[in-house]
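A.B. asks: Only the shape, not the letters, is given here:
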């Protein structure tokens, strides 16, 4: 097998391997929250989501711009609304009602955090039953600002967009030390992970700069990168401990200085046909990946009955039980909320077509042409 050409990359309508990467990231986070080994450092799975978000959102907009000459910002924001908000508010409403019924709405700190959750400043909400949603606060502000910065002023040269992105990365790094503290410590650094994904999207979209990335799409290189990232991940705990408080910087911040870079370098191998993409595209991986957003949101709901029924349960048994129950709940939300609302969004955005004549309708029915799948399906 050879490396993926730029023409081949641009012809791809869906990147199936990314579902498997989402699955791994989501499961790592849940396992970390509910008894998984500290050595696994599952919390860093959120950074994988951030890199993916930056890459996918930017790729979507670049391809739309290449097709139509512009990015329809109103349509972009409407797609985000129908994709993200319905499940988010269903889970938040359930938690609010459940804690009110149990009489712990205020004592669980959900009540005082509610204004932050309604305005997507989740990262400042602290610990409560919806605390895992902090990353949505980071991503929502990225979704709001990035299109305005990079695409609202028309088609910009690649060099200018890369320059803007570089300045944003530098700004986030400079701001990070000023945010160390008990609440949302170092929150600007998370935008560096997202922006690294944006940089990769821009480099891969451009035929000239794609040549810099193309070697990473070779199957043999991809396998080597996957092994390297897995090896790096297995040493995150001792590396973080060794670097903790060096120059007054928390160890987890040091890890985010290079781990998202490793994930970014791995993404071309996940996208391109090859062993890495094949493993990540198997049906069980795809199944979990498609439901990863809901899985991430409902983890505390899944954990509550397990804590009540089996108070002594801990470690891997608890972690895997929470993953299993959360996946059941996520599957229900995926079928009853996520997919239906995404389809509603598509209908809202679909341009009205002139009414077909009876002959045209009969011809279309006879052809039985299946509507193509969307180019990409970004998941938070």
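C.D. replies: Arrived safely. Since we're looking at a predicted model, the values are computed, not measured.
A.B. asks: Just the buried residues of the longest helix along the chain, please?
C.D. replies: Looking across the chain with DSSP state H, the single longest helix is helix 73-102. For helix 73-102, the neighbour count (16 or more other C-beta atoms under 10 Å) marks 76, 79-80, 82-84, 86-88, 90-92, 94-96, 98-99 as buried. Every residue, glycine included, has its C-beta placed from N, CA and C.
A.B. asks: what element comes up after it heading to the C-terminus?
C.D. replies: Using DSSP states H and E, the helix or strand that directly follows helix 73-102 along the chain is helix 110-118.
A.B. asks: What is that next one packed up against?
C.D. replies: Using 3 or more C-beta pairs under 8 Å, 6 or more residues apart in numbering; DSSP states H and E, the elements in contact with helix 110-118 are helix 73-102.
A.B. asks: Compute the inter-axis angle for the helix it packs on and helix 110-118.
C.D. replies: Angle, helix 73-102 to helix 110-118, by axes from the mean of the first three to the mean of the last three C-alpha atoms, to 10 degrees: 170 degrees.
A.B. asks: Pop out the phi and psi values for the residue nearest to residue 281 when sequence neighbours are not counted.
C.D. replies: Nearest non-adjacent residue to residue 281, counting by C-beta to C-beta, 6 or more residues apart in numbering: residue 16, 4.1 Å away. Backbone geometry at residue 16, expressed as degrees, to the nearest 10, gives phi -60, psi -30.
A.B. asks: can you check residue 119 too?
C.D. replies: Main-chain torsions, residue 119, degrees, to the nearest 10: phi -110, psi 10.
A.B. asks: number of nearby residues for it?
C.D. replies: The tally of other residues near residue 119 (other C-beta atoms under 10 Å) stands at 10.
A.B. asks: Please apply the same query to residue 286.
C.D. replies: Residue 286 has 18 nearby residues by other C-beta under 10 Å.
A.B. asks: what's the nearest residue to it if we skip its chain neighbours?
C.D. replies: residue 19 (4.4 Å).
A.B. asks: Output the contacting helices and strands for the one helix or strand that neighbour maps to.
C.D. replies: Secondary structure assigned from DSSP H and E places residue 19 in helix 17-33. Packing partners of helix 17-33 (3+ C-beta pairs under 8 Å, 6+ apart): helix 45-68, helix 259-271, helix 275-280, helix 283-290, helix 292-297, helix 299-309, helix 315-333.
A.B. asks: Can you give the contact residues for the fifth one?
C.D. replies: With C-beta atoms under 8 Å, 6 or more residues apart in numbering as the contact definition, helix 292-297 has outside contacts at 19, 22-23, 25-27, 29-30, 84, 87-88, 91, 132-133, 288, 323, 326-327, 329-331, 333-334, 337-338, 379-380.
A.B. asks: pLDDT on it, on average?
C.D. replies: Helix 292-297 carries an average pLDDT of 97.
A.B. asks: Once you drop chain neighbours, what's closest to residue 65?
C.D. replies: Once flanking residues are discounted, residue 65 sits nearest to residue 71: 5.3 Å by C-beta to C-beta, 6+ apart.
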